[in-house]
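Novice: Provided below are the primary sequence and the corresponding predicted coordinates.
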Amino acid sequence: MTKTKPRIGVFKFASCDGCQLSLLDLEDELIALAGAVDLAFFPEMSSHMRKGPYDIGLVEGSVTTHHDASRIHEIRKQCKTLVAIGACATAGGIQALRNWHDSKQWVSHVYAHPEYIQTLGMSTPISEHVPIDFELRGCPVSKHQLLELLSATLAGRRPNIPTYSVCMECKRKGNVCVAVAQHVACLGPATQAGCGAICPSFGRGCYGCFGPAETPNTVILADQLLREGRAQQTVVRDFRSFNAWAWPYRQASEKARSL
Amino acid sequence: MIAAIRRRGYEVIGPQVKDGAILYGPIQGIDALPIGWTSEQEPASYRLKRRSDAAMFQYATGPNSLKDFIHPSEIKLLTAERPEGAFRILPNDAPSPRYAFLGVRACELAAAGVQDRVLMEGRYGDPVYRARRGNSIIIAVQCTAPSGVCFCTSMGAGPRAESGFDLALTELIGAGAHQFVVEVGTQLGAELLSEIEFSDASDELRDQAREASRAAEAAIQRRLDTTGLRELLRDNFDHPRWDDIAQRCLACGNCTNVCPTCFCVTVEDSTSVSGETAERWRRWDSCFTLAFSYIHGGSVRVSTKSRYRQWLTHKLSYWHDQFGSSGCVGCGRCIAWCPAGIDLTQEVPAFRASNHETEGKT
Amino acid sequence: MSRVIEPRKKNGTIRVDYMARVEGEGALFIKLKNDQVQDVKLKLFEPPRLFEALLRGRHFSEAPDITARICGICPVAYQMTAVHSIERALGITVHPMVRLLRRLLYAGEWIESHVLHMYMLHAPDFMGYRDFVELARDHPAEAREALRLKKLGNQIMTLLGGREIHPVSVAVGGFYKTPSKSELEPLADELKRALDIVFDKAKFLAGFDYPDFEQTYEFVALSHPSEYPLNEGRLVSSKGLNIDASQYEDYFTEHHVKHSNALHSVIRGRDCYQTGPLARFNLNYSKLPEVARQAAEHCGLRVPCLNPFKSILARAVEVVFALQESLRIIQIYEPPPVPRVPFEIRAAAGNAITEAPRGIQFNRYTFDEQGLIQSVKIVPPTSQNQKRIEEDLKNFVPGIVALPIEEITRRCEQAVRNYDPCISCATHFLKVTLERE
Amino acid sequence: MTLSAHRDALDPMLPVAVRVASVHRETYDTCTVVTEPAGGALPGFTPGQFSMLYHYGVGEVPISISGDPGVADRLVYTIRAVGAVSGALINRRPGDLIGMRGPFGASWPVQEAQGKDVLIVAGGIGLAPLRPVIYHILRHRTDYGRLILLYGARSPRELLFTKELKHWNAQRDLQVLTTVDTGGGANWHGHVGVVTTLFDFLKLRPERIVAMTCGPEIMMRFVVRQLEAQHITDERIYLSMELNMKCAVGFCGHCQMGPYFLCKDGTVFNYAQMRRWMGRREL
Ligand SMILES: Cc1cc2nc3c(=O)[nH]c(=O)nc-3n(C[C@H](O)[C@H](O)[C@H](O)COP(=O)(O)OP(=O)(O)OC[C@H]3O[C@@H](n4cnc5c(N)ncnc54)[C@H](O)[C@@H]3O)c2cc1C
Ligand code: SF4
Ligand code: SF4
Ligand code: SF4
C-alpha cells in the first residue's frame, strides 16, 4: 500500500516561534518525520515553500493584526485539518494581556512612532476566527505531544493527548505535591496535562502554561487560593499569564478581581 | 539488615526525606532514613517537622505507598512490530524487580491486601502485579506516630499490623536507648533476622512495644462511622451534599492517585512516526477524568459531582459488593493530599445527618 | 511566500517578501539604480507583542517566565538578562555554584541555538540546498552528528530547566531547584564525545566557499577579566568603548524606523555596530579555552576576522567553547546549600547585559516596594544588528550585481543570515525586496 | 466458561493474532468481519461474549461475537464504524491480521431458557450480540418453545442482517418483526415506530417467556417497561450493558456500573440485578 505523504504546512502568527521550533527540536525523529510527511510549507526550516492545499496545517501564534485576521481564513481554506499549536494559537498567548488594556497606549509605550505600528486592540486565538480541528496546548507545546499528534494522524488513530489535570501526571511521576507540602500556589489542578508536570518537578507551582483542564474548576481554585491568604491581585496575575484569555482562566481572574 | 537484604538481590525501598516529605524510594543504607524527622498532616497540608531525637520511623505515611512500586504508574505492556503488512506482538518481558519494603505500616499492608483481591485473586491475575507482589519482602514498622489525618482504627486496618509481613519492627526510643522489637512473620523473615545481631526481647520490652501501639491507637482522633455505610452512600445517590462537594472539588484526581487501594488504569496504544512499531502502555487512571467514562458520543460522568460520587461510593460502598471489603483503609492520604482539603470523614456524616434515600427511584 | 523578482537591467527591486530560515517574520527590500544600491530595508513585520507594556504591573519574580516568551530560540538569554537586572537592582549575590549553573544553562542554549543556525538555517546557503532535509539526504553522517550536537544542548537545558524551550527553573536569587551532582554527571560522556569529533565538524564548515567580503565594523561585546563572556562583564568595543551596563543608555540609543516593527539601535554620535559571535570572537579571543582556539585555527579563523560570512565559523568555535565550559562546570559542580538565596523586596532599579547567542541583550527594570514592575526596557541583539545588516547589504550588492537576479536574491538572504537574525526577538520575518529605479 | 484455567497464567492483556477470513458489508457503516486462526486454534465462546479486538497501531475496542457458536474456529464480529478503531477494523481485508483477546463476559441465559419461549428485542447494532442466541436456538430448536425477534433500527438503511432476517422470518417457528424509527422512505413497506410499538402485535405467555434485549440503554428501559406491563418477572428479563472498557478483565475499573464490573459480572445481566442502577443519571 503506497500512500502519498501528507503535506504539512506550518504557519506563524504573533508568537515567539517556540512552538514551531519544537518540530526542529525533535532531533531523534526529525529525519524519520521528514520521510513520513512532506513538509511543504515550513519557512522557519526551508526556503522551499510550496503552495497548498495542505493535509495538515499547524498554526502557531495569535491574531493581532487586520492582515492576520484575513490570512487565517486563507489558511483554513488551504488545510484539510487545521491544528492550533501553543497557547498563543489556542488562547491568544501572553500578548492577550492587552485585551484588558488600551493597546494604543501600550504601543506608544514601546515604540517612539506608534503610527508606524499596525496592530489590533486584541490578541485572539485562532478558534475565534476559523473553526479548528485540534488544539495542542502549551507554552510551548510539548514536542512529544506534537510528535504524538503527527504519528497518530499518520496511523489513523486518536492521539493520546489527555485533557485531564497536571496533577495526574505529577502523581504518576512520583512528585510530592508542592501545594500541600510547600504551600505554594499551584495551578496544576486546573491546568491541562501534557508537559509532564515540569514545574512541580522543579519545586514550584504550575503557572498554567497548558491552559485550562477539561472541566473548568478554575473559579474553585481561585477561591481556594484566596482562602489560603493569597493576595487578590496576585491571584488575578496567577490566572493572567500565557493562557489569560482562555475562558475558564479569564473567569477566575475576573472573579478574583471583582472581590 | 539492609545489607543482608541487598545481598539477596533485592532493591530496598525505604522511607526518606525528599522534596519536603517522607516518602518511599530506593535506599542504600540506614543513613538515608528520615532520622529525626516527622510530619504534621491536616487536610490539604503536609509539613515536615524536626524531632528532638534520632528516631527513624516516628512519622505517619507520606504521599506514596507500596502501590507506586507493585502497581506502577506507567508500564509498557507490549510492543508490536510490522515487518511488511503482517504484525507481531512481543510481550514486555522485562524481568520484574525484586523489592524489599522497609517501614511498611499496618494500613499499607491492609491496602496491599485490598489490591491483592482486585489484581490477583479474581478470575484473572495481573502478571505485573503478581510478579512484583510475589517477589517482595515486607519489613513492617508498627505505627507509633499517627498523624492528624489517620483513621485506620475506624477502618479496622491499624495501627498495629498482625500479619502480612516478613518481619515487623517496633521502634522504642527511651532515655538513652534506641531499640527495636522484632516480630517474625515468615520463614524468610526468620532467615533474614538470623543474619543480623539480635537478642531475645525481654517481657518488659515486649510490653513497651505493645504499649506503644496502644498509645498510637489512642492518639488517633479522627473517626469514620462505618455502620451501614455501604447502604448509606448507595441509597443517597441524589443527596444534595454531592452538589455541595462539587462546589469545592477540583476534580484533579489527586485523591485517587495517592490512595493505596485505587487501582484503575487506562491503556494507551501508540505508534512510532514511521508506523513500523507500536506500543501499548498502561497508566494509572482516575474516575475523575472525563475520558474514564467515555463511550462513543460522550462521557457518562460529565459533572464533577458524579465523579466525586463515583469515587466515594466505590470506595465505601460498591467495594463491599465487588471485593467483600471496604476500599478504604483509613490512611488519610486523600485528606492530606487533596489540594482543596476535602475530607471524607467530614463528608460522610453529612449523608447520615439527612438521609435522602433514592432507593426505588429510577 | 512570494518571491517577486522584477529583473530590469541595471535598475530594479529585489523583494523577498517572506524570508525563510530565520526565526520570525521579515522581508528584505533592496532598490538599485544603475547598479548602485539606493536603498536597503530590512523589514521586520512580525506583529509586535508589546512585552515592555505587558510587564508593567507584574511582579519581578514573573519576569524570567514572561520575558522568555519573547523568543522561543533564546529564552534563556531573556531569563538571564532579567534575573541579572533584578539581582543587580536588589544587590543580590548568588552562590558561586548557582552562577556556574547559570553559565551551564546558557552554554546549553548557545549550543542548541548555534547548531540550529549553523546546520539547519545557514549551511544550506553555502551548500546550495533549500533546507536541512536536503542537506541530510546528501550528507547523512554530518546531519546525524549535527542533530546529536543540537540535542546535547537541549539536554543540558532540559536537565536544568525541565524543557528546552521556556525552561522553568530560573528564579531571582538562583533556581527553583538545583540538580544533584549525579544528575549532571551523565552529560559528561556525551560532552567529551562531542569535543572529540568537533574538529572534524569544523573542517566541514571551513570547507565552504566564503565570499570575499570584508567590512570595517565596530564590534561590541561583553568582556570579562577571566572568562569568555556569557552573563557578566563590561561592555567593550573594537573602537575603545568600555562601559558598565548601567551606562548603556548613555551610549546607545534606539530609533524607530517606519519600515520595521523593531527598533534600530546605534551608538550615540557614532553609527551602527555589530554584536554576536564574530564580535565576541574578535574581542575575547584570548579568553577562549585552548580547545576552542585550536578549533579556530583548524578552520582558519583568525583575529580580526572582518568577513561577516565567517560568522558561521565563529559560531563553531563558540560551540567548542560552550562544550568545554559545560564539561568544566559539570566536573567541578557541587550543589549549593539552597537553590536560591533569600532577599528582601524593595523599590529599586537595575540593569544588566548578557551575551545571547546572537549578541548582547540589555535590560533595565524598575519596580516598586512590592516588587511590581514600573518600567522595563529590553534591547535584544537583532535590533542592534539590524542597521548593520542593511549596511552590509549596501556594500555587498554592488559586488554581485552582475549576477542573475535569483542569485543576487539568494546571496542577499545568505548575507542577512550571517547575523542569525531572530526576528521574534527583534520583535518581530524577513522579505527581501530589491528595487531598481 | 470457555476460559480454561491455564489462561490465568497467561497475560490477559496480550492479544493473539487472528486472520481476517472475510469481510461482509451490512450497512453503509457496518461490516461483519469473520476471523480464523493464524496459527493455533481459536477459543470457543458462548452467546453474549465479546472480544477485545486490536488494530495494529490504532487501538483496541470491545466487540461482541455475532457468529454461530456451533461453528468452531471462526469468530465473527459485526462492527459499526463510529471512530478510529472501529473504522480501521471494518477496513481490513481477507488475509490481514488483527489482534484478539477473549472471549470475555457472561452468556445470555440459553440454558435457563430451555423449554421456554424466547423473546429477543434488539435495537440497531444490538442485534449483533444476540445473533448467536438465535443461531444456538435454531441449532437446538426442540429445546426451546417459541422464538420471537423484535428488531428496530433508526432507518431501513441501518437494518442489519436483512437477508437473514428474511430467511428467519420464512421459518415457521420463528417470528420476526422489524420496524424503523423514522421515515422509512419509498422502499420501506414495513412497520414504522420505535421497537416497543411492536409489542402491540404480540400475544405473549408471560410465565413462559425469557426475554433478552440489547440496544441503546434508553431503548432497553422502554422494553423493560413493556415487559413488566406484560407481567414478566425481573429475573426473566436479560439485558446487555455497555460502558467504556480498557481491559475486559476487571483491572481497569472503567466499566463499573454501581457494584458491577460489566466485563466480568456481565455484560449480560438480568433485570433484577440492574433495576436499581439503570436510568440513574451519571452513575
Ligand atoms: C461489551 C461491548 C460490546 C460491544 N460490541 C460491539 C459490537 O458488536 N459492534 C460494535 O460495532 N460495537 C460494539 N461495541 C461498541 C464499541 O466497542 C465502540 O463503538 C468502540 O469502542 C468505539 O471505538 P472507536 O475507537 O472506533 O471510537 P471512538 O469514539 O474514537 O472511541 C475512543 C475510545 O473510547 C472507548 N469507547 C468508545 N465507545 C465505546 C463503547 N461504546 N464501549 C466501550 N468503549 C468505548 C474505546 O476505548 C475507544 O477506543 C461494544 C461495546 C462493549 C462495551
Ligand atoms: S505559545 Fe508560547 S512557546 Fe508557543 S509561540 Fe506562543 S509564546 Fe511561543
Ligand atoms: S507545570 Fe504548568 S506551567 Fe509548568 S510547564 Fe507544566 S503546564 Fe506549564
Ligand atoms: S480513600 Fe483516602 S483514606 Fe481511604 S485508603 Fe484511600 S487515600 Fe486512604
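Specialist: Received, thanks. Ligands and ions are numbered 1, 2, ... in the order given.

Novice: tell me if I'm right that A:A96 and A:L120 touch.
Specialist: No: taking contacts as Cβ atoms under 8 Å, A:A96 lies outside contact range of A:L120: 11.2 Å. (Each C-beta comes from the backbone N, C-alpha and C, glycine too.)

Novice: give me the pLDDT value at the closest residue to chain B within the stretch 251-400 of chain C.
Specialist: Closest contact between the stretch 251-400 of chain C and chain B, by Cβ to the nearest Cβ, is at C:P339 (11.8 Å). Confidence at C:P339, expressed as pLDDT, is 96.

Novice: tally of neighbours for it?
Specialist: C:P339: 21 surrounding residues under other Cβ atoms under 10 Å in any protein chain shown.

Novice: which stretches of the stretch 51-200 of chain A form helices?
Specialist: A:66-78, A:86-91, A:103-110, A:143-155, A:166-172, A:178-182, A:198-201 (DSSP state H, counting those that start in this stretch).

Novice: tell me which of those sits nearest to C:G359.
Specialist: Of all these, it is helix A:103-110 that lies closest to C:G359, at 20.4 Å by Cβ to Cβ.

Novice: which ones are touching the residue of the stretch 251-400 of chain C closest to chain B?
Specialist: By Cβ atoms under 8 Å, 6 or more residues apart in numbering or on different chains, the contact set of C:P339 is A:203, C:98, C:171, C:174-178.

Novice: apply 7 Å and report the result again.
Specialist: Residues in contact with C:P339, defined by Cβ atoms under 7 Å, 6 or more residues apart in numbering or on different chains, are C:174-178.

Novice: re earlier: neighbour count: A:A96 and A:L120, which is higher?
Specialist: A:A96 (28 against 18).

Novice: quick check: that one touching A:N243?
Specialist: No: counting by Cβ atoms under 7 Å, A:A96 sits too far from A:N243 to count as a contact (8.5 Å).

Novice: now do the contacts for the residue in chain B positioned nearest to ligand 2.
Specialist: Per Cβ to the nearest ligand atom, B:V273 is where chain B lies closest to ligand 2, at 21.6 Å. If a contact means Cβ under 7 Å, 6+ apart, then B:V273 has A:29, A:32-33, A:36, A:147, A:150-151, A:154 as its contacts.

Novice: same check on C:F60?
Specialist: Counted by Cβ under 7 Å, 6+ apart, C:F60 has contacts C:86, C:172, C:365, C:367, C:371, C:373.

Novice: do the helix or strand harbouring C:I86 and ligand 2 meet at all?
Specialist: Assigned by DSSP states H and E, C:I86 belongs to helix C:75-90. No: for helix C:75-90 and ligand 2, the contact criterion (Cβ under 6 Å from any ligand atom) is not met; the two come no nearer than 8.5 Å.

Novice: contacts for that helix, please.
Specialist: Contacts for helix C:75-90 (Cβ under 7 Å, 6+ apart): C:60, C:63-64, C:67-68, C:70-71, C:94, C:102, C:105-106, C:109, C:157, C:165-167, C:170, C:172-173, C:231, C:343, C:348-352, C:354, C:356-357, C:361, C:363-365.

Novice: go on, stretch C:234-242?
Specialist: Outside stretch C:234-242, the residues touching it (Cβ under 7 Å, 6+ apart) are C:217-223, C:243-245, C:248, C:251, C:273, C:282-283, C:353, C:360.
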